[in-house]
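Engineer: Pasted the sequence and its predicted model underneath.
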Amino acid sequence: MLQSIIWSDGVLQLLNQTLLPAKIEYISCRDWQTVAEAIRRLEVRGAPAIGAAAAFGLVLGARELITTNEKFWPGITEIAAALRKTRPTAVNLFWAIDRMLSVASRYDQGTDPAIVVAALEDEAQAIAAEDKEVNKKISLYGAQLFTRGEYAVLTHCNAGALATVAFGTALGVIRQAWAEGKIRRVFVDETRPLLQGARLTAWELAQENIPVTLITDNMAGWVMKNGMVQAVLVGADRIARNGDVANKIGTYSVAVLAKEHGIPFFVAAPVSTFDFTIASGADIPIEERSADEVSSFGGIRVAPEGIDIYNPAFDVTPNQYITAIITEYGVLRPPYDRAIANLANNEKINLRR
Ligand SMILES: CSC[C@H]1O[C@H](OP(=O)(O)O)[C@H](O)[C@@H]1O
C-alpha cells in the first residue's frame, strides 16, 4: 500500500495527492516551508496525515536552526506558529504541533540544540508509528459493527491510507470489514469540489479489488432511498466534547439523509481528533477555500465570471445524527458528552485542552 508520508535520511517525502490518481509523485521536503505549502495546497491532506507532516516539518525547521542557541528557541516557536496557520479545522494539526512543543519544553535553553532536534525527530517518528497502530485498532473495533455479510457501505471524501500515515480510519474499517467478509461493496461520493472520493477513495479501494460504485454527491439520497446501502462510514477532522463532528463538506447532508432513511451513520476517528476545549460543533473553525475550486472543473471554468461563490471545506454534523464514533479505545455511543468524558477519564487521555 502506498504511503502518503515517508521520513528518510532527514528528508520528508510527501505523496502529492493533487496529482492522484493520474500520477504517483512525491514531493521531497528539505525545509519546513515546503511542508507548510504542501498542507495548504492539499498535496498532503487528511487530519492525521497533516498532523504527522507538520511534526516532521517542525523537525526540518529545527535542523535548520541548529546553528546557534539564540536563533534556535525563538525559531522553533515561530515555525510552529507558521505551521499552525496552514489549515484551521483539522485538530490533529494542532495536537501534533503541541505534542512536539511539549517535547522541546522538557529541555532548558542551555541545552545543545542537536539534542533537542534528536528528541523532536524521535517524537515525530512516534506520532507516525502510533497513527498506524491506532488505525489498526479503529479498523478492528469498527469491523465488529458489521454483523452480517451483505453490507454495502457509503463513504464520503477520503479517510483512507492517504489521509493518515497508513491504513486509514473510515477506510481502515472498510478494509477490515471487507477482509472479514462483512461488506460486499462501497459506494463512494465523488466529494466536490476537490473530488477526494472520486480521485482518492475510489483509487485506494480499487487497488485492493474492493468493489466500488462511484456516485456524485447529489446521488447519496437516492441510493439510500432505494436501499442500496446499509451503513455510512466517514472520517473526521475535529470532534467536540458533545460529539458534534466536523468533516468534509457534504458530510452533514449525508448524515441527515441517513437518519431519514434509518441507516446507521458511523464516524471513525482517533482520539487525537477530539478537541476537549470545544463544547460543541458551533465552536469549530471552518476553513473556507478559494472560489476557484468551485468555479472551475478540471481546469475549465464552468461558472460565469462576477458571481459570488461560497466554498467551506468542512461542515459540522450534530451528534444526534451520529450512530456511533469508532476510536482506538472502542466504540462510543450516545450520550456523547458522557461517553467522551468517560473515555478521557478511564483511559487517562490527555485530550487536547
Ligand atoms: C482521516 S481524516 C480525513 C478527513 O480529512 C479530509 O479533509 P481534507 O481532504 O480537506 O484534508 C476529510 O474531511 C476527511 O474525512
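Structural biologist: Sure, I can see it. Numbers count the residues shown, from 1 in each chain.
Engineer: give the contact list for Thr147.
Structural biologist: By CB atoms under 8 Å, 6 or more residues apart in numbering, the contact set of Thr147 is Lys182. Bear in mind the C-beta positions are built from the backbone N, C-alpha and C, glycine included.
Engineer: Would you agree it falls within a strand?
Structural biologist: No - under the criterion used here (DSSP: H, G, I helix; E, B strand; the rest coil), Thr147 is coil, not part of a strand.
Engineer: From here on, call the first residue 502.
Structural biologist: Sure, I'll start counting at 502 from here, so that last one is Thr648.
Engineer: Report the separation between Glu788 and Thr590.
Structural biologist: Between Glu788 and Thr590 the computed distance is 5 Å (CB to CB, to the nearest Å).
Engineer: so where do the strands sit in the stretch 602-751 of the chain?
Structural biologist: Using DSSP state E, counting those that start in this stretch, the strands of the stretch 602-751 of the chain run over 652-656, 684-690, 713-716, 732-735, 739-740, 746-749.
Engineer: Show me the one of these that comes nearest Lys633.
Structural biologist: The closest approach between Lys633 and any of those, judged by CB to CB, belongs to strand 732-735 at 19.4 Å.
Engineer: so can I have a markdown table of the strands of the stretch 602-751 of the chain showing mean pLDDT?
Structural biologist: Converted to a markdown table, the strands of the stretch 602-751 of the chain look like this (pLDDT from 0 to 100):
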| stretch | mean pLDDT |
| --- | --- |
| strand 652-656 | 97 |
| strand 684-690 | 98 |
| strand 713-716 | 98 |
| strand 732-735 | 98 |
| strand 739-740 | 98 |
| strand 746-749 | 98 |
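Engineer: Identify, out of these, the most deeply packed stretch.
Structural biologist: Stretch with highest mean neighbour count among the strands of the stretch 602-751 of the chain: strand 739-740 (a mean of 31; mean count of other CB atoms under 10 Å).
Engineer: Can you get me the start-to-end distance on stretch 521-536?
Structural biologist: 18 Å (CA to CA, to the nearest Å).
Engineer: ugh, wrong one, I meant stretch 652-667
Structural biologist: End-to-end distance (CA to CA), stretch 652-667: 24 Å.
Engineer: and of the strands of the stretch 602-751 of the chain, who's closest to Ser529?
Structural biologist: strand 746-749 (28.0 Å).
Engineer: Apart from its neighbours in sequence, what residue is nearest Arg531?
Structural biologist: Spatially, and ignoring its direct neighbours in sequence, Arg531 is nearest to Val512 (5.8 Å; CB to CB, 6 or more residues apart in numbering).
Engineer: Does that neighbour touch Cys530 like I think?
Structural biologist: Yes - counting by CB atoms under 8 Å, Cys530 is a contact partner of Val512 at 6.8 Å.
Engineer: more neighbours, these two?
Structural biologist: In this view Val512 and Cys530 are compared by other CB atoms under 10 Å, and Cys530 has more residues nearby, 24 against 13.
Engineer: Those residues of this protein touching the ligand, which are they?
Structural biologist: 543, 546-549, 658, 660, 664-665, 670, 697, 735-736, 738, 748-749, 814 (CB under 6 Å from any ligand atom).
Engineer: out of the residues you listed, which are inside helices?
Structural biologist: Cross-referencing the residues of the chain next to the ligand against helices under DSSP state H gives 548-549, 697.
Engineer: centre of the chain versus the helix or strand hosting Val817, how much separation?
Structural biologist: Assigned by DSSP states H and E, Val817 belongs to strand 815-818. Chain-centre distance of strand 815-818: 13 Å, with CA atoms, centre = their mean, to the nearest Å.
Engineer: who does that strand pair up with?
Structural biologist: Looking at strand 815-818 with DSSP bridges, its partner strands are strand 746-749 (antiparallel).
Engineer: follow-up on the earlier one: would a markdown table of the ones in helices among the residues of the chain next to the ligand with neighbour count and pLDDT be doable?
Structural biologist: A markdown table is the format used below for those (neighbours: other CB atoms under 10 Å; pLDDT from 0 to 100):
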| residue | neighbour count | pLDDT |
| --- | --- | --- |
| Ala548 | 29 | 98 |
| Pro549 | 34 | 98 |
| Gln697 | 27 | 98 |
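Engineer: From those residues, pick the one nearest Thr717.
Structural biologist: Gln697 (13.6 Å).
Engineer: who touches the closest residue to the closest one other than its chain neighbours in this structure?
Structural biologist: Spatial nearest neighbour of Gln697, chain neighbours left out: Asn659 (4.0 Å); criterion: CB to CB, 6+ apart. Asn659 makes contacts with 546-547, 672, 692, 697-698, 701-702, 705, 736, as judged by CB under 8 Å, 6+ apart.
Engineer: If anything else comes up later, I'll come back, but that's it for now.
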